[in-house]
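Enquirer: Sequence below, structure please.
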Amino acid sequence: MILVLDIGNTNITMGVYREKELLFVSRMKTDRLKMGDEYAIAMREILHLYGISLEEIEGCAISSVVPVVNRAVAKAVRQLTKVRPICVGPETETGIHINRLRSEIVGADLIVGCVAAAEMFAGPCIILDMGTATTFVVLDEHRNMLGGAIAPGIGISLDALTSRTAQLPSVSLEAPRCVIGDNTTECMRSGLITGTACMIDGMCDRMEKALGKKCSAVATGGLAREVISQCRRPIIHSDTLLLDGLRIVYEKNAGNPGKAEEAE
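Expert: Residues are numbered from 1 along each chain as shown. Coordinates of the predicted model:
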């Protein structure tokens, strides 16, 4: 079995694969102050909850946008399983070409999303990740990572609205009943959810125009399902895109760990 962990700014998403079958998905809060031993306790409890013994874990792959947490989690994995985790970085074998970009500024989460999308689509595609930030990445038909765009995530936008206005409440983030809201809550949902969907439609159209080709699109992230339900263009939803990418990265590097990076 292969343990995979995607460390984001808000949550750590954790899963275990038996070959290509994802057995479970769980999440932990990203805590920059937590030590490796504390993460080890949390991970051991999650594995126990889903009936996975530590002896069954044969390998691990990690993607992270929080270096200090990456080190703590990698240490926890080594303590628990005695395996060396593959930590995705610029030197990791992925099958994705990022030579047109500065590799050191390309997030590991973006890379593993591209790895999974490349397995899904033969032609160019746009990968959307709706987390703390909403990111767009354009991948061409030759698996070249061309670049993309970064926008504030919906949660950040909601926080800004409620903290900087006197009368706007915090609302649950779900699709509005109608684009024309008939109360404050529905107006905010329309602006946040449908507004983001319009931004995505418009950005994808402009990216296709810049590329000169039609693109497939796939979206992941906590609010992806709500948002793409409001989009006009067809977008595939995948809750497990990054975990699937990590599994593929592990398979590419398991036989040649020298190309994989390891957190100190």
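
Enquirer: Sort out which residues of stretch 116-131 are buried, please.
Expert: For stretch 116-131, a neighbour-count test (16 or more other Cβ atoms under 10 Å) marks 116-118, 121, 124-131 as buried. Every C-beta, even on glycine, is put in place using the N, C-alpha and C of the backbone.

Enquirer: which ones among those residues are found in strands?
Expert: Under the assignment DSSP state E, these contribute 125-130 to strands.

Enquirer: Pick out whichever of the residues you listed sits closest to residue 211.
Expert: Closest approach between these and residue 211, by Cβ to Cβ: residue 126, at 9.2 Å.

Enquirer: Across the sheet, point out what pairs with that closest one.
Expert: residue 138, residue 217 (DSSP bridges).

Enquirer: Quick check, it in contact with residue 205.
Expert: No: taking contacts as Cβ atoms under 8 Å, residue 126 lies outside contact range of residue 205: 10.4 Å.

Enquirer: what's the longest helix in this structure?
Expert: helix 195-211 (DSSP state H).

Enquirer: Run through who's touching it.
Expert: Residues from elsewhere that reach helix 195-211 (Cβ atoms under 8 Å, 6 or more residues apart in numbering): 124, 126, 128, 130, 134, 136, 138, 140, 146, 148-149, 151, 154, 157, 214-215, 217, 219, 227-233, 235.

Enquirer: Repeat the analysis, applying 7 Å as the threshold.
Expert: 124, 126, 128, 134, 136, 138, 149, 151, 154, 214-215, 217, 227, 230-233 (Cβ atoms under 7 Å, 6 or more residues apart in numbering).

Enquirer: cool, stretch 10-20 as well?
Expert: The contact list for stretch 10-20, computed with Cβ under 7 Å, 6+ apart, reads 1-6, 22-30, 43, 46, 52, 73, 131-132, 242-243, 247.

Enquirer: per-residue pLDDT, residue 223?
Expert: On pLDDT, residue 223 comes in at 88.

Enquirer: meant to ask about residue 44, not that
Expert: Looking at residue 44, its pLDDT stands at 96.

Enquirer: wait, doesn't it sit right on residue 79?
Expert: No: the pair residue 44 / residue 79 is not scored as a contact, 9.2 Å apart, by Cβ atoms under 7 Å.

Enquirer: Show me which pair in the buried residues of stretch 116-131 is furthest apart.
Expert: By the measure Cβ to Cβ, 124 and 131 form the most distant pair in the buried residues of stretch 116-131, at 22.9 Å.

Enquirer: okay, now the closest residue in space to residue 58 that isn't next to it in sequence: neighbour count?
Expert: In space, and not counting its chain neighbours, residue 58 is closest to residue 1: 6.1 Å by Cβ to Cβ, 6 or more residues apart in numbering. Counted with other Cβ atoms under 10 Å, the neighbours of residue 1 add up to 18.

Enquirer: Just list the residues touching residue 1, thanks.
Expert: Here residue 1 is in contact with 16-18, 52, 56-58 (Cβ under 7 Å, 6+ apart).

Enquirer: Just the buried residues out of these, in PyMOL syntax.
Expert: Here is the PyMOL command that selects the buried residues among these (16+ other Cβ under 10 Å):
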select buried, resi 16+17+52+57
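
Enquirer: Present the contacts of residue 1 as CSV; the columns should include distance to residue 200.
Expert: CSV is the format used below for those (distance: Cβ to Cβ, whole Å):
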residue, distance to residue 200
16, 31
17, 29
18, 34
52, 36
56, 40
57, 37
58, 38
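
Enquirer: Of the contacts of residue 1, just say which sits nearest to residue 96.
Expert: Among the contacts of residue 1, residue 17 lies closest to residue 96 (Cβ to Cβ), at 19.9 Å.

Enquirer: Assumed the closest one was part of a strand.
Expert: Yes: under DSSP: H, G, I helix; E, B strand; the rest coil, residue 17 falls within a strand.

Enquirer: how far away is it from residue 185?
Expert: 40 Å (Cβ to Cβ, to the nearest Å).

Enquirer: likewise residue 90?
Expert: When residue 90 is compared with residue 185 (using Cβ to Cβ), they lie 44 Å apart.
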